[in-house]
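*Asks:* Give me the fold of what follows.
(one chain, ligands or ions: 1)
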Amino acid sequence: MKIGICNDHAGVEYKFKLIKMLNGRGIEVVNFGTDTTQSVDYPDYAHRLADAVESGEVDLGIALCGTGNGMAITLNKHQGIRAGLAWDTPIGVLVAQHNNANVLVLPARFISYPKASAIVRKWLDTPFEGGRHQKRIDKMPCR
Ligand code: RB5
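*Replies:* A predicted model of the protein is given here:
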């Protein structure tokens, strides 16, 4: 399992902590984010992560910005991306179960690190349910 992670200046601290947590679970992490708190533009990093997920360079992605919305909006411009914003663990479960999100987006300025870590673990440990949810996902692409 290889996970790509990206962030803007708002998500640097959580990014490094999440990498450590994921490495501890034997997961390889590729860093597509900025490593400093100097102000940057989140789309530059979101597109890099989206390209890596779409090409298969990584299996899944995690994106962090202040609210999560900038990353989510940008990531979801890519046809191969299903980026889901989660701010609590039940949403981390549902975004896997129902939406089969291949990128999990976290609002770094609005949740604690322990919460962010718990959401990531729930998302990773929860299988997609398929069935009626797959039917809905099949209707997502732009026409
Ligand atoms: C950066 O200040 C902030 O706008 C960004 O992290 C994110 O919240 C955008 O959606």
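
*Asks:* interface residues of this structure facing the ligand?
*Replies:* Neighbours of the ligand within the chain, by CB under 6 Å from any ligand atom: Asp8, Ala10, Tyr42, Cys65, Gly66, Thr67, Asn69, Gly70. Yep, even glycine has a C-beta here, placed from its N, CA and C like the rest.

*Asks:* In those, which residue is surrounded by the most others?
*Replies:* Tyr42 (28 neighbours; other CB atoms under 10 Å).

*Asks:* now the strands for the protein?
*Replies:* Along the chain, the stretches classed as strands by DSSP state E are 2-7, 28-31, 60-65, 83-85, 103-107.

*Asks:* which strands and helices sit next to the shortest one?
*Replies:* Strand 83-85 sits against helix 69-75, helix 89-97, strand 103-107, with contacts defined as 3 or more CB pairs under 8 Å, 6 or more residues apart in numbering; DSSP states H and E.

*Asks:* so where's this protein uncertain?
*Replies:* For the chain, applying pLDDT under 70 flags no range at all.

*Asks:* Spatially, what comes nearest to Gly80 if we skip its sequence neighbours?
*Replies:* Counting by CB to CB, 6 or more residues apart in numbering, Gly80 lies nearest to Glu54, which is 3.9 Å off, once chain neighbours are set aside.

*Asks:* just checking, that neighbour touches His78?
*Replies:* Yes - contact criterion CB atoms under 8 Å: Glu54 and His78 qualify, at 6.0 Å.

*Asks:* Give me the number of neighbouring residues for the nearest residue to Asp35 once chain neighbours are set aside.
*Replies:* Once flanking residues are discounted, Asp35 sits nearest to Val12: 6.5 Å by CB to CB, 6+ apart. When neighbours are counted by other CB under 10 Å, Val12 registers 19.

*Asks:* Quick one: residues contacting Val12.
*Replies:* Residues near Val12 by CB atoms under 8 Å, 6 or more residues apart in numbering: Gly33, Thr34, Asp35, Thr36, Thr37.

*Asks:* In those, which residue is surrounded by the most others?
*Replies:* Top of these by neighbour count (other CB under 10 Å): Gly33, with 27 neighbours.
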